[in-house]
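Asker: Provide a 3D model corresponding to the input given below.
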Amino acid sequence: RADAVRAVATLADVRRSVAAEAALAYLDARTGQARLAVARSSLAQVDELVAITGWRHQAGLVNELDLEQARVQRAQVAATIPSLEQAVRVAGNRLAVVLGDAPGSADARLAEAKPVPVPGAVQPGVPLELLRRRPDVIAAERALAAETARLGVATASLLPSLRLVGSLGSSATSFDGIGDAILRSLQ
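Answerer: Have a look, this model is predicted:
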């Protein structure tokens, strides 16, 4: 019975793990999209800064160093965008695989950028009660119970055992002859 309960708890733990992995992949994708939007917005602002610095350089208000620093800053911001796009693709592919689909199949569902979901309030509880409800803890507890039962069986098999084996026959023709038949069988 402990093995059966352990198998059910292990299945529940696998389901929980898959759901958690899907949630993490989804959060990674949405967080990556948010970071990518910020990077693109920053790039637009830095482009404006480069243009303004260029005009100021043409007017003689700033030197060449200021213009080059603005260009370097733009290049640094622009360099972050491909890695952020890659991170969004990887998270989308991971989500698709966890859901049992081919990589790239989640791209359509993730095409529209949405805000990062914020979880609702987590219900507080006694830590011991929270642990007792975890499927992996239940599976480990049942595995221990099964092994303890097997250990008891193995220990019992090491102890001496007494087995009485007997047979009844009809060699005596009367109750008086039963004692004589037993004595003859012992000799």
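Asker: What's the separation between the residue nearest in space to the middle of the chain and Ala51?
Answerer: Residue closest to the average C-alpha location in the chain (CA atoms, centre = their mean): Ser17, at 3.1 Å. Separation of Ser17 from Ala51 (CB to CB, to the nearest Å) stands at 51 Å. No exception for glycine: its C-beta is placed from N, CA and C like everyone else's.
Asker: how close does Ala4 get to Glu112?
Answerer: Going from Ala4 to Glu112 by CB to CB gives 45 Å.
Asker: now Val18, nearest residue through space, not along the chain?
Answerer: Of all residues not flanking Val18 in the chain, Val98 sits nearest, at 6.3 Å (CB to CB, 6 or more residues apart in numbering).
Asker: residue ranges with poor pLDDT in the protein?
Answerer: 118-127, 130-131, 166-187 (pLDDT under 70).
Asker: so where do the helices sit in the protein?
Answerer: Along the chain, the segments classed as helices by DSSP state H run 2-58, 64-98, 107-110, 127-133, 135-158, 178-186.
Asker: What is the burial count for Ala51?
Answerer: Ala51 has 11 neighbours, counted by other CB atoms under 10 Å.
Asker: That should have said Ala23, apologies.
Answerer: Around Ala23 there are 14 other residues, counting by other CB under 10 Å.
Asker: quick one: contacts for it?
Answerer: With contacts taken as CB atoms under 8 Å, 6 or more residues apart in numbering, Ala23 has no neighbouring residues.
Asker: Distance of it relative to Arg71?
Answerer: Ala23 is 41 Å from Arg71, where distance means CB to CB.
Asker: the more surrounded of Ala4 and Glu112?
Answerer: Applying other CB under 10 Å to Ala4 and Glu112 shows that Ala4 carries more neighbours, namely 10 against 7.
Asker: The more buried one: what's it in contact with?
Answerer: Residues near Ala4 by CB under 8 Å, 6+ apart: none.
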